[in-house]
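> take this sequence and fold it.
(2 chains)
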Amino acid sequence: MQKVAVLGAGLTKFSRRAKETGKELAFYAAKMALEEAGLEIDDIDAVVCVSAPDAFDGVHMKGEYLSDGCGASKKPFMRSYVGGGSGVFGIINGWYHIASGHFNTCLVVAEEKMSSSMPHPQGIFNAIYDQFLERPLGVNLLWIFSLEMQRYMSVHKIPLETIALVAVKNKKNGLDHPCAQEGIPGNYTVEEIVNSEIMCWPVTRLMVSPVTDGAAAIVLASYDFAKKFGKDVIWIEGVGWCLDTSYWTNRDLYYPRYVEYAARMAYEMAGIKDPKKEIHVVEPYDPFAYKELHHLEGLLLAEKGEAPKLLEKGFWDRDTENGIPSSPSGGLLGVGNPIAAAGLMKVIEIYWQLKGKAGKRQVKREVKRGLAQAWGDLMQVGTVVILGK
Amino acid sequence: MEFKGTPLKDRDIKEKKVFYVDWHVKAHYAWDCGIALSYFFEGLKNGKIYGRRCPKCKRVMVPPRMFCELCFHPTDKWILLKDTGRVNTFSVSYLNWDASRREKPQVPAVIEIDGASEGMGILHLIAHPEKIEWENLEEVLKYIKVGTKVKAVWKDEKEREGKITDIKYFIPIKEGK
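Numbering: from 1, shown residues only, chains lettered A, B, ... in the order given. The predicted structure follows:
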């Protein structure tokens, strides 16, 4: 199996509505990633695109539509999609293109343009619910997440104020992200988060990530190709993914076991025995405030029910010296949530942190290895990647 | 590092300050309910909730299915369940399906149905036990907790159509009932 390197990353600004088309956003991110790697499109052997439901864009076969902007003309191309888990699934797909030994280089592009769906993409989202038993009840997308949050809080007796601390942390971290969506990051108090408009209780407005347009891209290469780039190369050390049953009302939502299975797969591949010691920075998926804590537990970086207590102690803060900085980028709550591009933005943050290129967001502690994770479909998929120096 | 992207404002579209192209789609589907759910819906029409048993792991499952997804084995038996259950989790929703706001909240919940295996829940709504509509969050929290016992309120027999909405909603009831 070929070892796989990350040679470059690109990102566009995130916004509620971008003037650029999806193709243009994809091109800007892809070109930036190629430039950092010092490569031309002719150096790329294969292209992977990840993007959320076609119905957002009203464009069927969205992958094919985006392919030109992804640099895929006349190249092997695949588009994959596992809902919110897609961004990290993209680098996983890119990884096995190269690990198979069939390709030397692969460009992975994540694009999302959620603004096209008018007036709000929420209605389109409802089609993820079961058409026989759930949609006739007049569902709203936030139902499932507020139900999961309530279950998690109730099993572990977690106060709402503690969950709100995730939004406080991530929105503050996002202030230092150059691509953050206008009005999303900020300095907030716990009271402001808790007392913001109730959407679906216990979820309040400031505990939800926004609707966003944006794109992200990375360039992957085989060991043979990357070794000429010197010693300062970032490697994919582990990948893992897992899908749980779609009978979500039959699962105990307090714990994402599928995230644990995905993490265990990645840890085993990376030779990691004690993730709490061997993961130095983490970007767990945070479309909702509780999700970051839920995922940190699924990733085995905290015991079940322990992530909120560690949060109160500052264990996940960006400037922690003994803890594990979590979402130093600002995450989806602080930067924005262009679904697939948000997941890849998290991967890119780990890449920049390992490269020492995160600027004001650079974590204090020394980092040799980091993890990014995404989550999605009907609250059922976990995707994990571990990068290391 | 230089990042590209040109943020627009809502009013840029509303006031037609930028070029855009509109498209409206009206899609219509009719989904066949299949083997398991057709039986289940027939049950609802008669005021009954049925689960389905897996002969291998012995789980009694609701929603019912013709195969157990864990054992990957055919299920073999219909089991009549009760129309009572417990709140596994609930939410207090101020949003409609299209993200527009509601003045008075709805309470969606996962309800574990009595007679099915532990943890077997379905999604449904919970109404106020007397006046159906909930006033606000505080009122809901007075009545509903995780673990609260609830009972189905059915549509009149003549109005039932063999749909999940044949159960109008669940209401909280006293323990032991």
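
> so what's residue 49 up against?
I went with chain A, as the question did not name one. A:26, A:63, A:66-67, A:70, A:72, A:77-80, A:90, A:108-111 (CB atoms under 8 Å, 6 or more residues apart in numbering or on different chains). Glycine gets a C-beta too; all of them are placed from N, C-alpha and C.

> ah, no, chain B please
B:I49 neighbours (CB under 8 Å, 6+ apart): B:40, B:43, B:62, B:80-83, B:113, B:152.

> recalculate using a threshold of 7 Å.
B:43, B:62, B:81, B:83, B:113 (CB atoms under 7 Å, 6 or more residues apart in numbering or on different chains).

> do A:W352 as well
By CB under 7 Å, 6+ apart, A:W352 lies in contact with A:9, A:358.

> element containing it, please.
Assigned by DSSP states H and E, A:W352 belongs to helix A:339-355.

> distance between that helix and the chain's centre?
7 Å (CA atoms, centre = their mean, to the nearest Å).

> repeat for stretch A:278-290
Distance, stretch centre to chain centre, for stretch A:278-290: 9 Å (CA atoms, centre = their mean).

> and what of stretch A:116-128?
Worked out by CA atoms, centre = their mean, stretch A:116-128 lies 20 Å from the chain centre.

> what residues sit buried inside it?
For stretch A:116-128, burial by neighbour count (16 or more other CB atoms under 10 Å in any protein chain shown) applies to A:116-117, A:121-126, A:128.

> and A:L387, that one's in a strand?
Yes - assessed with DSSP: H, G, I helix; E, B strand; the rest coil, A:L387 lies in a strand.

> A:P287: how many residues sit nearby?
Counted with other CB atoms under 10 Å in any protein chain shown, residues neighbouring A:P287 total 22.

> other SSEs contacting the helix or strand immediately after the helix holding A:W352 in the chain?
Using DSSP H and E, the helix or strand that directly follows helix A:339-355 along the chain is strand A:369-376. Judged by 3 or more CB pairs under 7 Å, 6 or more residues apart in numbering or on different chains; DSSP states H and E, strand A:369-376 is in contact with helix A:86-99, strand A:281-283, helix A:289-298, helix A:339-355, strand A:381-388.

> coming back round to it: out of the buried residues of stretch A:116-128, who's near chain B?
A:122-123, A:126 (CB under 7 Å from any CB of the partner chain).

> that older thread, for the helix holding A:W352, give the mean pLDDT please.
For helix A:339-355, mean pLDDT is 98.

> how about that helix as CSV, C-alpha atoms only?
The C-alpha coordinates for helix A:339-355 follow below in CSV (Å, rounded to 0.1, in the frame of the first residue of the first chain):
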residue,chain,number,x,y,z
ILE,A,339,-21.3,21.2,4.0
ALA,A,340,-18.7,19.2,2.1
ALA,A,341,-16.3,22.2,2.0
ALA,A,342,-16.7,22.6,5.8
GLY,A,343,-15.4,19.1,6.4
LEU,A,344,-12.4,19.6,4.1
MET,A,345,-11.8,23.0,5.7
LYS,A,346,-11.3,21.0,8.9
VAL,A,347,-8.8,18.7,7.3
ILE,A,348,-7.0,21.8,5.9
GLU,A,349,-6.8,23.3,9.4
ILE,A,350,-5.0,20.2,10.7
TYR,A,351,-2.7,20.4,7.7
TRP,A,352,-1.9,24.1,8.4
GLN,A,353,-1.5,23.4,12.1
LEU,A,354,1.1,20.7,11.4
LYS,A,355,2.8,22.9,8.8
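
> could you give the angle of that helix to strand A:369-376?
170 degrees (axes from the mean of the first three to the mean of the last three CA atoms, to 10 degrees).

> dump the helices and strands packed on strand A:369-376 to a markdown table, plus distance to A:D42.
A markdown table is the format used below for those (distance: least, CB to CB, whole Å):
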| stretch | distance to A:D42 |
| --- | --- |
| helix A:86-99 | 17 |
| strand A:281-283 | 32 |
| helix A:289-298 | 39 |
| helix A:339-355 | 23 |
| strand A:381-388 | 26 |
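
> so which bits of the longest helix seen in chain B are buried?
Looking across chain B with DSSP state H, the single longest helix is helix B:34-45. Judged by neighbour count using 16+ other CB under 10 Å, the buried positions of helix B:34-45 are B:36-37, B:40-41, B:43-44.

> turn those into JSON lines, including pLDDT and distance to chain A.
As requested, these are arranged in JSON lines below (pLDDT from 0 to 100; distance: CB to the nearest CB, whole Å):
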{"residue": "B:A36", "pLDDT": "98", "distance to chain A": "10"}
{"residue": "B:L37", "pLDDT": "98", "distance to chain A": "5"}
{"residue": "B:F40", "pLDDT": "98", "distance to chain A": "9"}
{"residue": "B:F41", "pLDDT": "98", "distance to chain A": "8"}
{"residue": "B:G43", "pLDDT": "98", "distance to chain A": "13"}
{"residue": "B:L44", "pLDDT": "98", "distance to chain A": "10"}
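
> residues of the stretch 51-200 of chain A that sit close to chain B?
So the stretch 51-200 of chain A meets chain B at A:58, A:120, A:122-123, A:126, A:131-134, A:136-140, A:142-143, A:146-147, A:150-151, A:154, A:178-179, A:182, A:198-200 (CB under 7 Å from any CB).

> buried ones among those?
The neighbour-count test (16+ other CB under 10 Å) marks A:122-123, A:126, A:132-134, A:137, A:139-140, A:142-143, A:146-147, A:150-151, A:154, A:179, A:198-200 as buried among those.

> what number of residues are in the vicinity of residue 32?
Just so you know, I chose chain A. Considering only other CB under 10 Å, A:M32 is surrounded by 22 other residues.

> looking at chain B here, not the other one
8.

> confirm it sits in a helix?
No - under three-state DSSP, B:D32 sits outside any helix and is assigned coil.

> for B:H73, name its beta-bridge partners.
When bridges are called by DSSP bridges, B:H73 pairs up with B:C68.

> what's next to the worst-scoring helix or strand of chain A on mean pLDDT, contact-wise?
In chain A, no helix or strand scores lower on mean pLDDT, DSSP states H and E than helix A:122-125, which sits at a mean of 80. For helix A:122-125, the external contacting residues (CB under 7 Å, 6+ apart) are A:53, A:55-56, A:117, A:141, B:97-99.

> between those residues, which is nearest A:H294?
Lowest distance from A:H294 to the contacts of helix A:122-125 (CB to CB) belongs to A:L141, with 17.3 Å.

> would you mind measuring from B:K56 to B:C71?
4 Å (CB to CB, to the nearest Å).

> find the centremost residue of chain B, please.
Nearest to the geometric centre of chain B sits B:L123, at 2.8 Å (CA atoms, centre = their mean).

> doesn't that residue fall inside a strand?
Yes - per three-state DSSP, B:L123 lies within a strand segment.

> and the strands in the stretch 201-350 of chain A, which stretches?
A:203-204, A:213-222, A:234-243, A:281-283 (DSSP state E, counting those that start in this stretch).

> likewise for chain B?
Using DSSP state E, the strands found in chain B span residues B:49-53, B:60-61, B:67-68, B:73-74, B:77-81, B:84-90, B:92-95, B:101-106, B:108-113, B:121-125, B:149-154, B:167-172.

> got these as JSON lines, with distance to A:T383 and mean pLDDT columns?
As requested, the strands of chain B are arranged in JSON lines below (distance: least, CB to CB, whole Å; pLDDT from 0 to 100):
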{"stretch": "strand B:49-53", "distance to A:T383": "32", "mean pLDDT": "98"}
{"stretch": "strand B:60-61", "distance to A:T383": "28", "mean pLDDT": "98"}
{"stretch": "strand B:67-68", "distance to A:T383": "26", "mean pLDDT": "98"}
{"stretch": "strand B:73-74", "distance to A:T383": "29", "mean pLDDT": "98"}
{"stretch": "strand B:77-81", "distance to A:T383": "36", "mean pLDDT": "98"}
{"stretch": "strand B:84-90", "distance to A:T383": "25", "mean pLDDT": "98"}
{"stretch": "strand B:92-95", "distance to A:T383": "28", "mean pLDDT": "96"}
{"stretch": "strand B:101-106", "distance to A:T383": "32", "mean pLDDT": "96"}
{"stretch": "strand B:108-113", "distance to A:T383": "25", "mean pLDDT": "98"}
{"stretch": "strand B:121-125", "distance to A:T383": "25", "mean pLDDT": "98"}
{"stretch": "strand B:149-154", "distance to A:T383": "36", "mean pLDDT": "98"}
{"stretch": "strand B:167-172", "distance to A:T383": "35", "mean pLDDT": "98"}
